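S.K.: Predicted model follows, preceded by the sequence.
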Amino acid sequence: MMKTAILVVAIVACNAQDIVNQVTCTNGQEPTDGDLLLDKAMKKYFMSERFKDISIADFNYTVRVAMWNYLVEFYNVTISGLSAVERLGSNYIEAEENKAMRIRVALKLEGLNISIAARTKRFLGYTYMEADVRAPVITLVAEIQEANNTLMLQRLEMNNTKELQIQFRFLSPILRILNSVKTFQRYINKKVNERLEDQLFFAVDDAVQALARGHTNKSKTPPWF
């Protein structure tokens, strides 16, 4: 569940190049109103069919419980609600010849839903699980700056993560009794909220570095000129 929630922001960062390609360079000037081309491109991008319902490829994730590690296989992961994204304050790409590039993205995600199916292997087969994650309102601010021809994540703030609502369900008959234990559900929410912000930073940073590698491998002239 943790890795899946993080992937939402990683998707945004990894696809930033698609947004950039639709925008004219700001020539180093910060925006003066909310209707700049970048804002329009972002709105168009997130309102497209691509973001109505997103499926994430299957992946494995090791979860540590007490002294044991469990390999959990995640599949049928879908994300909905990204089309309701809103801009917060200034969103800009500042690019000027012989100067470092600066990017600022500030977004509000409202009504984000993540549906997950998972399983973990045991002695006589698999234990199957499902989880629904709902984020009523999450705000995200990311600032990226170029240093030594590499894009670096300088600032990342994510607010209202404590409002994440996670409903976790065991499908295996012997464990279904845990589904109605409220303390169990509260424990899951607590652990997710404790780790989300730290892991989010590293996940987005990895996505930014992937974007930077693609940028470095291309011409030194930015593709939006």
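M.R.: Sure thing, it's come through.
S.K.: just the strands in this protein please.
M.R.: Secondary structure of the chain (DSSP state E): strands located at 53-56, 59-65, 68-80, 86-87, 92-94, 102-122, 125-147, 150-159, 165-170.
S.K.: Tell me which of those strands is the most buried.
M.R.: strand 92-94 (a mean of 21; mean count of other C-beta atoms under 10 Å). (Glycine included, C-beta is placed from N, CA and C.)
S.K.: For that strand, what does the pLDDT average out to?
M.R.: For strand 92-94, mean pLDDT rounds to 77.
S.K.: Tell me if I'm right that residue 143 and residue 154 touch.
M.R.: Yes: using C-beta atoms under 8 Å, residue 143 is in contact with residue 154, at 4.9 Å.
S.K.: can you tell which of the strands of the chain is closest to residue 176?
M.R.: strand 165-170 (5.6 Å; C-beta to C-beta).
S.K.: ok and the closest one relative to strand 125-147, angle-wise?
M.R.: 150 degrees (axes from the mean of the first three to the mean of the last three C-alpha atoms, to 10 degrees).
S.K.: quick one: contacts of strand 165-170?
M.R.: 1, 127-136, 176, 178-179, 184-185, 188-189, 192 (C-beta atoms under 8 Å, 6 or more residues apart in numbering).
S.K.: Dump the C-alpha coordinates for that strand into CSV.
M.R.: Extracted in CSV, the C-alpha atoms of strand 165-170 (Å, rounded to 0.1, in the frame of the first residue of the first chain):
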residue,chain,number,x,y,z
GLN,A,165,-8.3,6.5,5.1
ILE,A,166,-7.2,2.9,4.6
GLN,A,167,-9.6,-0.1,4.7
PHE,A,168,-7.6,-3.3,4.8
ARG,A,169,-9.3,-6.7,4.3
PHE,A,170,-8.0,-10.2,4.5
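S.K.: what's the angle between it and strand 102-122?
M.R.: Using the same axes, to 10 degrees: strand 165-170 against strand 102-122 is 20 degrees.
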